[in-house]
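Novice: Structure of the sequence below:
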Amino acid sequence: MIKQIILLITSICIAAYMVVYSKIFDFEFSAIQLQSFYNMLYLYIGSATYCFIAGELTKNFSQVDRLWSTIPLVYCWYFTFVSDMEPRLVLMSCLVTIWGLRLSFNFARKGGYSLIPWRGAEDYRWEVLQRDIPVFKKKINWSLFNFFFICFYQMGLIFLFSLPILAAWQANSDISYADLMIGLFMLILIIIQTIADEQQHKYQTKKYEFIKAKKEVKGVYKKGFIDTGLWKYSRHPNYTCEQLIWITFYLFSVSASGEILNWSIIGCVLLVLLFYFSAKFSEGISSKKYPEYKNYQKNTPMFIGF
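Specialist: Next up is the predicted model:
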């Protein structure tokens, strides 16, 4: 896992360097666009710093999770307002709002939020990492991991995958039918993701009803993990949709600029890398916990077809 984390942190540094200094991409921003970018960059730095300090003080290291579905709304609507509500940006921000509200609801019903902002359920994987990886048993090493990866890497990634809205504004072109089709496809992905999360929520709720009542866990719940519905075709249909949602979001910048590749692609590419390694780590835990999970891995693709 250490190697994967180092690879992820290195990848964002290399990708950022290549995008900025390769001279392949157009960085001709207007003064107001550039200032808007810096304002949101400061917000990223401030929010990542808050997550680090809150995590260190409370020992709850899921502070970024509480912002994952909310801060992209701030980034997108800020750029939209400053652009004088350009129609394409309004469409993009509305879709991100639908995505964010839905994901926030799903996170809230899992106990992710609390009236006290820094409290709430913690991602179980952080506890596993601290327990099972010897290097993280030293407090200083875990604090460095929290600073560089959990807070600044992940918050930086959120900032980056929101930036196609700035690239779309930079292109300064009229909204088109292509934008409407992209928006429709993104909405469909949000709906599919909702269905996947609902199926998982119902499964887990029913399973834990058996466990709390101290009854024998029967039927499909005996396996311990869901493999029906959308989960029959993908081991992570919700993760699949999350990646496709932000790849689709990037396509708005393609529609606006007419260029298949532009500088804002860095966000969705790094998101795919993060979700791949995140899924691999989660599955390592599941395969140890549930005897039938390895067979599920053999017969069902992780994401789509591979």
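Novice: Stretch 77-90: which residues count as buried?
Specialist: For stretch 77-90, burial by neighbour count (16 or more other C-beta atoms under 10 Å) applies to 77-80, 82-83, 86, 88-90. All C-beta atoms are positioned from the backbone trio N, CA, C, and that covers glycine.
Novice: Next one: A178 relative to L270, how far apart?
Specialist: Distance check for A178 against L270: by C-beta to C-beta, to the nearest Å, it reads 25 Å.
Novice: Just the helices from this structure, written as ranges.
Specialist: For the chain, helices defined by DSSP state H occupy the ranges 2-21, 31-58, 65-68, 71-82, 87-108, 124-132, 139-145, 154-162, 164-171, 177-212, 237-257, 266-289, 293-299.
Novice: Comparing A178 and L270, which residue is more hemmed in?
Specialist: Using other C-beta atoms under 10 Å as the criterion, A178 and L270 rank with L270 on top: 20 against 13.
Novice: do you know how far that one is from T248?
Specialist: Distance of L270 to T248, computed by C-beta to C-beta: 16 Å.
Novice: so where's the stretch 201-306 of the chain uncertain?
Specialist: Within the stretch 201-306 of the chain, the segments meeting pLDDT under 70 span 305-306.
Novice: where's Q154 relative to W142, distance?
Specialist: Counting by C-beta to C-beta, the gap from Q154 to W142 is 15 Å.
Novice: Please apply the same query to T49.
Specialist: With C-beta to C-beta as the criterion, T49 and W142 are 17 Å apart.
Novice: So what touches stretch 43-53?
Specialist: The contact list for stretch 43-53, computed with C-beta atoms under 8 Å, 6 or more residues apart in numbering, reads 63-64, 67, 71, 74-75, 146-147, 150-152, 155-156, 158-159.
Novice: Actually, stretch 68-75.
Specialist: Contacts to stretch 68-75, defined as C-beta under 8 Å, 6+ apart, come from residues 40, 43, 47, 93, 96-97, 99-101, 103-104, 107, 154-155, 158-159, 161-163, 165.
Novice: Show me which residues of it are buried.
Specialist: 68-69, 71-75.
Novice: one step back: can you add distance to D227 and give the helices of the chain back as a markdown table?
Specialist: Below are these laid out as a markdown table (distance: least, C-beta to C-beta, whole Å):
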| stretch | distance to D227 |
| --- | --- |
| helix 2-21 | 25 |
| helix 31-58 | 34 |
| helix 65-68 | 25 |
| helix 71-82 | 31 |
| helix 87-108 | 20 |
| helix 124-132 | 20 |
| helix 139-145 | 32 |
| helix 154-162 | 29 |
| helix 164-171 | 34 |
| helix 177-212 | 9 |
| helix 237-257 | 11 |
| helix 266-289 | 11 |
| helix 293-299 | 5 |
